[in-house]
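Chemist: I'll drop the sequence and a predicted model, then ask my questions.
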Amino acid sequence: MSCGLAVEASRRLRTEVGAGRRRHRRTVPRRSLLITPNYGIACVSVDTPTLAFSSETLGHLLSDRWLAVPRYQRPYAWESEHVAEFWNDLRSAHADSRQYFLGAVVLTHDGDRFLVIDGQQRLATASLLLAAIRDELASKDEDALAEHVEQQYLARFNPASRRTEPRLLVAAADSDFYEQRFIRRAGGTAASASQRRLTAAFEYLRKEIADAQMDASGLLAWAEYLSKSALIVLVEAASEADAFQIFETLNDRGAPLTIADLLKNYLLSLCPGEPDKIADAWDSSANNLGHDADTQDFVTFIRHYWSSVKGATRERDLYRSLRASISEGDAAADFVSDLGIASELYAAILDPRHQLWGEFSLTPHAMSTLLYLQLQQYRPLILAALEHFATSDIETLSVALVSWSVRGLIVGGIGGGTTERAYAMAGVNIRLGKLADAREVYNQLRPTIPSDEEFRNAFESASIPRVRLAQYILRSLNRSLEGQPHAGLENASETSSHPVLSHVLPRRTDPVLWPRFATDDMASHVNRIGNLCLRQAGRVTQPSDWEARKEWLLSYDLPINAQLRAAESWSPEAIRHRQHDMAAIAVGTWPRSGGTV
C-alpha cells in the first residue's frame, strides 16, 4: 500500500451514493401553534406554501389514511416505561372524559401512502392498543365487533394493491413481523431488539385491557375515545425536505432523538431525491462497526471522524458543526460516502484482529495497547493517517502514539482536552496534505509531548491506583529488562499468558508486619510504582510479611522483581530507590519521538 487505504472504495461509494443527486434550496415559513390549557387546539388550520397544520385525532388518522414509516427511519424504539406512560396518561384522560393532546405528527405524501416523518412511536403504539382491544373483543366471542375494529383502524382492502394491508406500515425492518404477529394474528418470533420491544408493548397493553374487565361496550368506548378525544397536531409537508425541517424540532414522547437521528435526518433533508441511498450508506457505516445507527458508539465514531476533518469537536457541538459545514445535497452525499470509508477503518482501530491489519506487523499490537489503556484521544489522528499515509508511516505513527499516550498518562493532562485538540489538528493537517509522514506529525505534536525530564520526574513520584494501567506499566518495563524490542506494545494474542499485578507492601495487611512504614502512611505507598511487581496469573495464597513475600515474588523469576533480591528490608526509601531506577528504564521504553526519528 503506497498511500491511503481507501481510494478505490471511496470512488465506489461516491458513485453509488452520489448517482443522480440534485441540488435544491427551500424556505419554510415559520409558524407556531397555540395550545390551550385543556389541550384544545387554538388555531385549527394554518396553511403555508409548503406546510399545512390542522387538528386531528389519533384514531381518525389511523382510520382515514394509508400510512407508512419510511425505510430509513429508526425502528420501534419505545421501551416498557414509555408504553406504560402512554397508556396511563390515556387511561386517566379517558376516565375523566377529557381530551388528551399527544403532540405533533409530521406527514408527507408519497404515492399511495403518507410517509410518517415524525410520530411513528405513538402511531405504532396506538395501533397495538387497538389490536389489543380487537383481541379482547374476540376473546369474548364478539367477532363482528372485533372485525369492525380491525377494518376501521388496523387493516382493510387497499384498491391500489388489491390486497388487504395494514393501515400503518411500520419501519421496514419490522414490517413483516408487525403485519403477521399483530395484524393477521399469525404468530411469529421476534428476531431483533425492535421486534422484541413491539411484542413487549403489545403484551403489556393486552394485559392492561384484559385486567380492566370491560364488556364490549367499554372496549368500543376506548376505540371511540381514540377517534374523538386523543388529539394531535397534524403537520402535512409538501415534500420530505420540508417535513425534515419540522422533524428536527420534535422529539418522540419519551424517546428523545439522538444526535445520530438528527444528523441522519438533516442529511436526508438535503437529498430528497435519494433518501434510500443516503439511508443505506448511513446504516452501512453503522453495520461496519457492529452498531445500530442510533447508538452512542456510532455517535462517538462520527465525532472522531469529524474531528479529523474540522478539528476537535465536542459531542454537544457536533450537530451544529456539521450543519454549518454541510448545506447542500452534494456535500451531504459526499459526507455519507466518506463516512462509509472511515467506518471501515475505524472498525479496524477497534479490533486488533481486523483483516485490514494483515500486512502490518506492529500496528495491531499498538491498537491493542491503546484499547487496553481505554484511550480515545488518538483516534482522529490515526483515522486520517490510515486514509493518507503509507504502511510504514502508519506503523511508525501507531507505535509512537503508545509512547505519547503513556507519557501523557504519567505526567497528566491527557484527559483535559489539550491532547485531543492537538491530535485532531494533526489529523486535519494530514488530510490537507500539510503532514506527509510520521516524522512530520511528531514535529507538530512535539510541544504537547512531555520531555524526557518531565516524564522521568513524574514517573519517579507516580502512584497508579488503576490496576489496568499499573499492570501494563509493569509488564512493559519487564519486557524492556528482558531486551524485547517495542516493549511498550501489548501482544493481543498472548493476553492469557501475561503476568498480572502484585504489590510488595500489600493493599491489606497488619501494620505490625511492616514496621518500617508509619501506619498512617502505608496507604500512600501501596500504589507507588516502586512498590509494584508481577506474578503469574492464577489464584494463590499470598504471604503477608516482608521476608516471605520477597521470596514468593522472587520465585516467579521475572526481571522486574529482581531488585527485591538486594533489599534487606522494605521501606518508603526502598520504594523511592526502586522507582528511581524504573523511571530511567521508562524513558527508553516509551521514547519521546516514539521511533519517528
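Modeler: Good, I have the coordinates. Numbers count the residues shown, from 1 in each chain.
Chemist: check which residues of the helix or strand in which residue 145 is found are buried.
Modeler: Secondary structure from DSSP states H and E places residue 145 in helix 143-149. Residues of helix 143-149 classed as buried: 145, 146, 149 (neighbour count, 16 or more other C-beta atoms under 10 Å). C-beta coordinates here come from the backbone N, C-alpha and C atoms, glycine included.
Chemist: and the next helix or strand past it?
Modeler: Following helix 143-149 in sequence order, the next helix or strand is strand 155-158 (DSSP H and E).
Chemist: where's residue 373 relative to residue 452, distance?
Modeler: Using C-beta to C-beta, to the nearest Å, residue 373 is found at 21 Å from residue 452.
Chemist: between the two, which one's more packed in?
Modeler: Ranked by neighbour count (other C-beta atoms under 10 Å), residue 373 and residue 452 place residue 373 first, with 18 against 14.
Chemist: tell me the phi and psi of that one?
Modeler: Main-chain torsions, residue 373, degrees, to the nearest 10: phi -80, psi 0.
Chemist: does it touch residue 472 like I think?
Modeler: Yes - if you go by C-beta atoms under 8 Å, residue 373 and residue 472 touch, sitting 6.5 Å apart.
Chemist: please, which helix or strand holds residue 102?
Modeler: strand 100-110.
Chemist: report all helices and strands that that strand contacts.
Modeler: Judged by 3 or more C-beta pairs under 8 Å, 6 or more residues apart in numbering; DSSP states H and E, strand 100-110 is in contact with helix 80-95, strand 113-118, helix 120-139, strand 230-237, helix 240-247.
Chemist: where along the protein do the strands fall?
Modeler: 45-47, 51-57, 67-68, 100-110, 113-118, 155-158, 163-166, 168-169, 230-237, 500-503, 532-535 (DSSP state E).
Chemist: which of those comes out lowest on mean pLDDT?
Modeler: Sorting the strands of the chain by mean pLDDT places strand 45-47 lowest, at a mean of 47.
Chemist: strand partners (parallel or antiparallel) of the strand holding residue 102?
Modeler: Strand pairing for strand 100-110, determined by DSSP bridges: strand 113-118 (antiparallel), strand 230-237 (parallel).
Chemist: now do it against helix 120-139, angle only.
Modeler: Strand 100-110 and helix 120-139 meet at an angle of 110 degrees, taking axes from the mean of the first three to the mean of the last three C-alpha atoms, to 10 degrees as the criterion.
Chemist: residues of strand 100-110 that come out buried?
Modeler: Within strand 100-110, the residues that count as buried by 16+ other C-beta under 10 Å are 100, 101, 102, 104, 105, 106, 107, 108.
Chemist: now do the contacts for the third one.
Modeler: In other words, residue 102. By C-beta atoms under 8 Å, 6 or more residues apart in numbering, residue 102 lies in contact with 58, 122, 230, 231, 232, 253.
Chemist: roughly how far does it sit from residue 59?
Modeler: As judged by C-beta to C-beta, residue 102 and residue 59 stand 11 Å apart.
Chemist: same check, this time on the fourth one
Modeler: Going from residue 104 to residue 59 by C-beta to C-beta gives 17 Å.
Chemist: how near is residue 69 to residue 168?
Modeler: As for residue 69, its distance to residue 168 is 8 Å (criterion: C-beta to C-beta).
Chemist: common neighbours of these two, please.
Modeler: Common contact partners of residue 69 and residue 168 (C-beta under 8 Å, 6+ apart): 116, 124.
Chemist: hang on, the earlier thing: between which two of the contacts of residue 102 is the distance greatest?
Modeler: For the contacts of residue 102, the farthest-apart pair by C-beta to C-beta is 231 and 253; their separation is 13.5 Å.
Chemist: more neighbours: which of those two?
Modeler: residue 231 (20 against 17).
Chemist: spatially, what comes nearest to that one if we skip its sequence neighbours?
Modeler: Counting by C-beta to C-beta, 6 or more residues apart in numbering, residue 231 lies nearest to residue 101, which is 4.9 Å off, once chain neighbours are set aside.
Chemist: picking up where we left off before, now do the strand holding residue 102 and strand 51-57, the angle between them.
Modeler: Counting by the same axes, to 10 degrees, strand 100-110 lies at 130 degrees to strand 51-57.
Chemist: still on that earlier bit, go ahead and confirm the residue nearest to residue 231 touches residue 122.
Modeler: No - assessed by C-beta under 8 Å, residue 101 is found out of contact with residue 122, at 11.4 Å.
Chemist: any idea how the protein splits into domains?
Modeler: 45-247, 259-451, 457-589 (automatic domain parsing).
Chemist: count of neighbours near residue 586?
Modeler: So residue 586, with other C-beta under 10 Å, has 26 neighbours.
Chemist: can you give me the pLDDT of residue 540?
Modeler: At residue 540, the model reports a pLDDT of 82.
Chemist: check the one 5 residues further on too.
Modeler: Note for residue 545: predicted pLDDT of 92.
Chemist: list the contacts of it.
Modeler: Residues in contact with residue 545, defined by C-beta under 8 Å, 6+ apart, are 513, 514.
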